[in-house]
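Colleague: sequence plus predicted model, see below.
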Amino acid sequence: MSEEWPETDDVKATKCINYAIDLYLGTEYRSSVVERALNWRKKASSEAQQSLRKAINNSNFSVQGFRSTSAYNAPPGRLLDQVIERMNNSNDLSASILTVWVESHDELRANVVEYRKKADLPIQEYVSGREFPGLWDIDEWHHETDVFVEGNSGHQEDDAALMLCCVSGNMPLPPPDDLDDEAVLPEGSLFAHWVERLKQLAPEAPVWDEAESFIDQFKEIRHEKMREAEQAIATALADSIAYFRDNFLGELKYLEANIDAWTSVDASSLTDISGTLQIVNQLGEVLFQYYKIRPQAPTRSEEDARRSKRSELEPQILSLIEVIDRQMSGDRGPDDDAAPPEDETAGHANTDGPGKDSDAAAARSSIASETPSDGADSANPSAAAVERDPVQSALQADYAALKDKHEKVVAERQEFEQQVKKLQLDTQSLKESEDGLRRKLYESRENYRALQSAYVAMRRSESGPIQSPGANGEDLPDIKTAVEVAGHSFEDRLLFALNSKSEKNPSFEDTTSVWKAFEWLATEYYDSRCNGFDGVDGFDEASREACGLWYKPKQSDTAKGKYPDHYTTKVNGTTYWLDEHIGRGSGDPRTMIRIAFAWDKDRKVVVVGYIGRHQRTDAT
């Protein structure tokens, strides 16, 4: 076996990927993914082979008969365990294995792509990147997997689930309680993860007392980041202007353009600093083109071509400078887009005399000569300016679009701030309305738990010759015995009527958790149902706390319709649908358990109808 590798900077995202696969599909399934990829590697594309070869040969594997730098050539069976172990600490290896696995399931991938296209769902395939682009809500992921498998019964459910992740680019969102504090979530999913955590908090959770402080800190951080972004733009603007002065001063003087005033402007005070920077960048591109052709060409034909290009670029440069001048001065009047009057244009004449008229002056004269002289255009200088200079017209349109975008951003920010204020008010109202309930809840919780413990102790003392489960069920040898003891201890609350598909003695090794699950069903769950609590939102958290098993209120309608024997049980002629279920794990029967049950509100009893591995679906 290989040595224990140190963590590198890219390990955290890999932990998320491998964690999600292990958590929801099982560690044995990851082993099958690796084994398939290793067996398929010689058939993979050249890029996939090269990536996997590099990842394996750089992993310092110890394989008898092979150097570590040529371990890629070793048989799959001799690489399997080391690759699985190394994947936890190498994004490169995880990405390469997953890429080859995807290629090995070409038909499955094509079917998943077709399915998502027909459903008008986005496709952003994970090929060989270092992490999945996005996250996926677990229920949504399970739902899509069920829908896909139902329409494509030839594929295994686990394979379909993983391929859906690869094609959609979404990694299953780990439960907040199970996610490592150091885990790195894909970009754009951080807030979504926070929301998921907040949704799972109980109304009486003490953290709600800190909501207002959190909102204030959030706003402060957001405002600081916006200020930093604006400062970065201001710095970029100042750098660009300095670059012009250092590199294009000769060209600007030749065109009689003075940008000295720009250096004294406080960029952070500009109304549309982003728009100004964009136009300044445009000016830089045009100036660079002009810089290359301004010197006289070595031949007449080349000079003719340069002169034509100069005549095209010079009006663009002057128009861009004029727009930036207005941006810098903050002048936003309705007539700002009009061309300057003739006397103003004359004020920029070449002071060296007519013998040194520049191409820019000729271009300006040419543009001026094209100005219509009819009364309508004379009365509308803006129209005349557009007619004279189509480049300026285009810039004005760009400016209008940027201004409109800026106004939309401002409106969105105002709306966000209003939503924050509303959230603050709602939080305060919720806090005030729940203060009394929270105090009562805290006072009664300990009393309830004391009564619950007393009830369980009483039932144990009445269990007669049936084996005692011990304080936490640790004395029970297997699940079958746990069922017998629970059926006797809680006979007035739990009715075990296991259907024919249940396992007589499941291989699940954590008997203690199963016993605690029976205790939870006979106490907290039972009391909640008897008191008229029909909601299920709190049962998952309660079940996880009591026995470490999750709770789900529904089964797949498709699976129930096709395999009713797995999802029903009968008691004295009455059929119970076993929608509610608790469980843990996937794949390995030693770490996987499902307990399905129904609540009979008339008889006030919990009917436990199925115990075993995952109930049957099309894939299983």
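Modeller: Yep, that arrived.
Colleague: thought residue 78 was touching residue 56?
Modeller: No: Residue 78 lies out of contact with residue 56 (Cβ atoms under 8 Å); the separation is 11.6 Å. C-betas here are computed from N, CA, C, even on glycine.
Colleague: neighbour-wise, which of the two wins?
Modeller: For residue 78 versus residue 56, the count of surrounding residues by other Cβ atoms under 10 Å is larger for residue 56: 29 against 15.
Colleague: only alpha carbons, please: show the one helix or strand residue 47 maps to as PDB.
Modeller: Element membership for residue 47 (DSSP states H and E) is helix 46-57. Taking Å, rounded to 0.1, in the frame of the first residue of the first chain, the C-alpha atoms of helix 46-57 are listed here in PDB:
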ATOM      1  CA  SER A  46      -5.700  10.000 -26.100                       C
ATOM      2  CA  GLU A  47      -6.300  13.100 -23.900                       C
ATOM      3  CA  ALA A  48      -7.900  11.100 -21.200                       C
ATOM      4  CA  GLN A  49      -5.200   8.400 -21.300                       C
ATOM      5  CA  GLN A  50      -2.500  11.100 -21.100                       C
ATOM      6  CA  SER A  51      -4.200  12.800 -18.100                       C
ATOM      7  CA  LEU A  52      -4.600   9.500 -16.200                       C
ATOM      8  CA  ARG A  53      -1.100   8.300 -17.000                       C
ATOM      9  CA  LYS A  54       0.400  11.600 -15.700                       C
ATOM     10  CA  ALA A  55      -1.800  11.500 -12.500                       C
ATOM     11  CA  ILE A  56      -0.900   7.800 -11.700                       C
ATOM     12  CA  ASN A  57       2.800   8.100 -12.600                       C
END
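Colleague: avg pLDDT for that helix?
Modeller: Helix 46-57 carries an average pLDDT of 90.
Colleague: for it, buried residues please.
Modeller: Neighbour-count burial for helix 46-57, counted by 16 or more other Cβ atoms under 10 Å, picks out 48-49, 51-53, 55-57.
Colleague: domain ranges for the protein?
Modeller: The chain breaks down by automatic domain parsing into domains covering 11-200, 220-347+356-402, 463-612.
Colleague: so can I have JSON lines of those domains showing distance to residue 411?
Modeller: As requested, those are arranged in JSON lines below (distance: least, Cβ to Cβ, whole Å):
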{"stretch": "domain 11-200", "distance to residue 411": "21"}
{"stretch": "domain 220-347+356-402", "distance to residue 411": "15"}
{"stretch": "domain 463-612", "distance to residue 411": "36"}
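Colleague: where among the ones you listed is average confidence lowest?
Modeller: domain 220-347+356-402 (a mean of 72).
Colleague: can you name every helix or strand that the helix holding residue 47 contacts?
Modeller: On a contact count with 3 or more Cβ pairs under 8 Å, 6 or more residues apart in numbering; DSSP states H and E, helix 46-57 meets helix 91-104.
Colleague: who's in contact with the helix or strand following the helix it packs on?
Modeller: Sequence order places helix 106-118 as the next helix or strand after helix 91-104, per DSSP H and E. Residues outside helix 106-118 that contact it (Cβ atoms under 8 Å, 6 or more residues apart in numbering): 102, 122-123, 148, 151-152, 155, 159-160, 163-164, 166-168.
Colleague: try it again at 6 Å.
Modeller: Residues outside helix 106-118 that contact it (Cβ atoms under 6 Å, 6 or more residues apart in numbering): 102, 123, 148, 152, 155, 163-164, 167.
Colleague: tabulate those residues (TSV), appending distance to residue 545, secondary structure and neighbour count.
Modeller: Compiled in TSV, these are given as follows (distance: Cβ to Cβ, whole Å; DSSP: H, G, I helix; E, B strand; the rest coil; neighbours: other Cβ atoms under 10 Å):
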residue	distance to residue 545	secondary structure	neighbour count
102	38	helix	23
123	39	coil	11
148	34	helix	22
152	38	coil	17
155	36	coil	19
163	34	helix	22
164	31	helix	23
167	36	helix	23
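Colleague: wait, which of those is closest to residue 203?
Modeller: Distance to residue 203 across the contacts of helix 106-118 (Cβ to Cβ) is lowest for residue 164, with 34.2 Å.
Colleague: look up phi and psi at residue 607.
Modeller: phi -90, psi 110 (degrees, to the nearest 10).
Colleague: before we move on, what about residue 135?
Modeller: Dihedral angles (degrees, to the nearest 10) for residue 135: phi -120, psi 160.
Colleague: around it, count how many other residues there are.
Modeller: Neighbour tally, residue 135, other Cβ under 10 Å: 23.
Colleague: for residue 437, same thing?
Modeller: 11.
Colleague: secondary structure element for the closest residue to it other than its chain neighbours?
Modeller: Leaving out its chain neighbours, the residue that sits closest to residue 437 by Cβ to Cβ, 6 or more residues apart in numbering is residue 204, at 7.2 Å. Assigned by DSSP H and E, residue 204 belongs to no helix or strand.
Colleague: now do the helices in the stretch 201-350 of the chain.
Modeller: 211-247, 249-254, 273-293, 300-329, 342-346 (DSSP state H, counting those that start in this stretch).
Colleague: OK, contacts around residue 249?
Modeller: Contacts of residue 249 (Cβ under 6 Å, 6+ apart): none.
Colleague: measure it to residue 287 for me?
Modeller: 11 Å (Cβ to Cβ, to the nearest Å).
Colleague: can you check residue 216 too?
Modeller: From residue 216 to residue 287 the distance is 46 Å (Cβ to Cβ).
Colleague: residue 237 now?
Modeller: Residue 237 is 15 Å from residue 287, by Cβ to Cβ.
Colleague: same thing with residue 577?
Modeller: From residue 577 across to residue 287, the span is 76 Å (Cβ to Cβ).
Colleague: now swap in residue 218 and tell me
Modeller: According to Cβ to Cβ, residue 218 and residue 287 sit 43 Å apart.
Colleague: more neighbours: which of these two?
Modeller: residue 287 (24 against 12).
Colleague: so the more buried one sits against residue 247, correct?
Modeller: No: between residue 287 and residue 247 there is no contact under Cβ atoms under 6 Å: 8.3 Å.
Colleague: what's the overlap in contacts for the two?
Modeller: Residues touching both residue 287 and residue 247 (Cβ under 6 Å, 6+ apart): none.
Colleague: and for the residue nearest to residue 261 when sequence neighbours are not counted, the neighbour number?
Modeller: Excluding the flanking residues, the one nearest residue 261 by Cβ to Cβ, 6+ apart is residue 328, at 6.8 Å. Residues within reach of residue 328, counting by other Cβ under 10 Å, total 21.
Colleague: and residue 218, how far is that from residue 58?
Modeller: On the measure of Cβ to Cβ, residue 218 and residue 58 end up 42 Å apart.
Colleague: before we move on, what about residue 518?
Modeller: 51 Å.
Colleague: pretty sure residue 74 is touching residue 65, no?
Modeller: No: counting by Cβ under 6 Å, no contact exists between residue 74 and residue 65, whose distance comes to 7.5 Å.
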